[in-house]
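Colleague: What follows is a predicted structure for the sequence shown.
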Amino acid sequence: MALGEYLRGALWVLPGAAAALALVAGSLLSRVRVPPGSVFRPLAFAGTADDARQVLITIASTIVTVIALVLGLTIVTLQLASTQFSPRLLRNFLRDRPNQVVLATFVATFAYSTAGLYTVRAVGGADFPRLAVSGAIALIFLSLGMLVFFVHHIVHSIKIDTIMTSVAEAAGRAVRAYTPEGPGTDRAGPVPPPGALALAAMRSGYVQTVQPALLLEAAAGQDAVVAIVPRVGDHIVAGTAPLARVWSRRGGPPADAPALARAVHHAVQIGTERTLQQDVMFGLRQLVDIALRALSPAVNDPYTGVQTLDRLSVIVDALGRRTLGDDVRTDKAGVVRAAVAGPAFADYLDLACGQIRRYGAGEPAVCLALLRLLTTAAASVTDARRRAAVTDQARLVLAAAESRIVQPDDRSAVRELGARLMSLQASA
């Protein structure tokens, strides 16, 4: 899983594979000879060997310039996204498949043309691989089309609406993939007994993924329970805070603690950065970062903050209808064997609202957007604790609006929407 995540975000993988494929295709085409009178004869290059060499030299030199242009535009886009929106969005741009396909097309064209130049020089005379030269010409036309597409794509990819929609969709997919459907409650895992054994992490970093299924067999074999302490997305320091607590159901530490330690380290992936593999809160974090940049005095763009809250409300609504909290796994007999700490609905709601409220409470439009988000959340939750979390956030928004919004007329709209939300909560 870690290797797959790395390869999806590596900018060199697809171009490297395309270059290798182009070399293979060029080698095969160079062996094809088109006899006179063949239906494929019009597709074969009609010039001399010197003409073919000049064409291939021109294509190779031109495509190098285009590759430099594409890489330059990509770096400018990454810098703009990092400074204006959030540095945590860089990973999204690196994983952007159209950018990788465009770069792969250019690299493949260069590799094909350069290898073809070698073949034409080696063969020489009138009997050179004409169909292979035609392939290079076709690739340069394809590269021209990809260049136009790349300019179109790069312009649209840095639009704030496109960025927010992309992040929101990725977060929504993470919600559907890693939070189970259910009655909309927060689960709690088993409480470790006083004699539970603490297992420290072997390396420092962020918890990226946890595979509790890998812990079931090891724990069941010793009649033990394994509880992963940090949540996905938390940072852990090697040798200090416990990565997991393990204990025997008969009391005390398990019989073979080293075996359980190996299973834990195999099941928990720790890396240098957070990812959206299982970290739903990271998706919310990216959207919140966009809102905070927009609400900063240097940018002063409250409308972008409102748009971000509109997208956050969709994610919060989806979370309110799903089972959250700790991921508890049982064996075939229904005995709890593994548990992974996870955020409750209140944690997601605080992340979506807390910092935006503190930075944007002086703007009535932001306060109204926060209250609309909370109204949406109130309509999707039925659990008492979740409804209490919505009420607490609404009170904080109203209190911040009362203290930060100067004009009474501006406060009146916030008060009215807040009163409707509180009335809805009281009648539920």
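Modeller: Yes, it's here. All of these numbers come straight from a predicted model, not from anything done at the bench.
Colleague: ranges for the strands of this structure?
Modeller: Secondary structure of the chain (DSSP state E): strands at 186-187, 197-200, 205-210, 224-228, 235-236, 242-248, 268-271, 324-325, 327-330, 336-340.
Colleague: Extract the residue ranges of this structure that are flagged as low pLDDT.
Modeller: 1-7, 121-127, 428 (pLDDT under 70).
Colleague: can you tell me which helix in it is longest?
Modeller: With DSSP state H setting the assignment, residue counts place helix 49-80 as the longest helix in the chain.
Colleague: now the strands of the chain as a markdown table including distance to Arg31 and mean neighbour count?
Modeller: Any C-beta I mention is one placed from the backbone N, CA and C, and that applies to glycine too. Formatted as a markdown table, the strands of the chain follow (distance: least, CB to CB, whole Å; neighbours: other CB atoms under 10 Å):
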| stretch | distance to Arg31 | mean neighbour count |
| --- | --- | --- |
| strand 186-187 | 63 | 16 |
| strand 197-200 | 60 | 17 |
| strand 205-210 | 47 | 21 |
| strand 224-228 | 57 | 26 |
| strand 235-236 | 56 | 16 |
| strand 242-248 | 57 | 22 |
| strand 268-271 | 46 | 20 |
| strand 324-325 | 60 | 22 |
| strand 327-330 | 56 | 17 |
| strand 336-340 | 56 | 25 |
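Colleague: Would you mind measuring from Asp279 to Arg285?
Modeller: Counting by CB to CB, to the nearest Å, the gap from Asp279 to Arg285 is 9 Å.
Colleague: which of the two has more neighbours?
Modeller: The neighbour comparison of Asp279 against Arg285 (other CB atoms under 10 Å) goes to Asp279, with 23 against 19.
Colleague: if I pick that one, what's in contact with it?
Modeller: Taking CB atoms under 8 Å, 6 or more residues apart in numbering, we find Asp279 in contact with Ala174, Gln208, Val232, Gly233.
Colleague: make it 7 Å
Modeller: Counting by CB atoms under 7 Å, 6 or more residues apart in numbering, Asp279 touches Val232, Gly233.
Colleague: ditto for Asp383
Modeller: Per CB under 7 Å, 6+ apart, neighbours of Asp383: Gly184, Thr185.
Colleague: Next one: the nearest residue to His153 once chain neighbours are set aside from Ala104, what distance?
Modeller: Distances taken as CB to CB, 6 or more residues apart in numbering place Pro98 nearest to His153, at 5.0 Å, with adjacent residues excluded. Separation of Pro98 from Ala104 (CB to CB) stands at 10 Å.
Colleague: what do you get for Gly145?
Modeller: In this view, Gly145 and Ala104 are 14 Å apart by CB to CB.
Colleague: Ok, Asp331 next?
Modeller: For Asp331 relative to Ala104 (CB to CB), the value is 46 Å.
Colleague: which one of these two has more residues nearby?
Modeller: Ala104 (22 against 14).
Colleague: Once you drop chain neighbours, what's closest to the more buried one?
Modeller: Counting by CB to CB, 6+ apart, the residue nearest Ala104 is Ala18, at 3.7 Å.
Colleague: pretty sure the one you found contacts Phe110?
Modeller: No. Here Ala18 lies out of contact with Phe110, judged by CB atoms under 7 Å, at a distance of 10.2 Å.
Colleague: Is the residue nearest to His153 in contact with Ile154, as I believe?
Modeller: No. With contacts counted by CB under 7 Å, Pro98 stays clear of Ile154, the gap being 9.0 Å.
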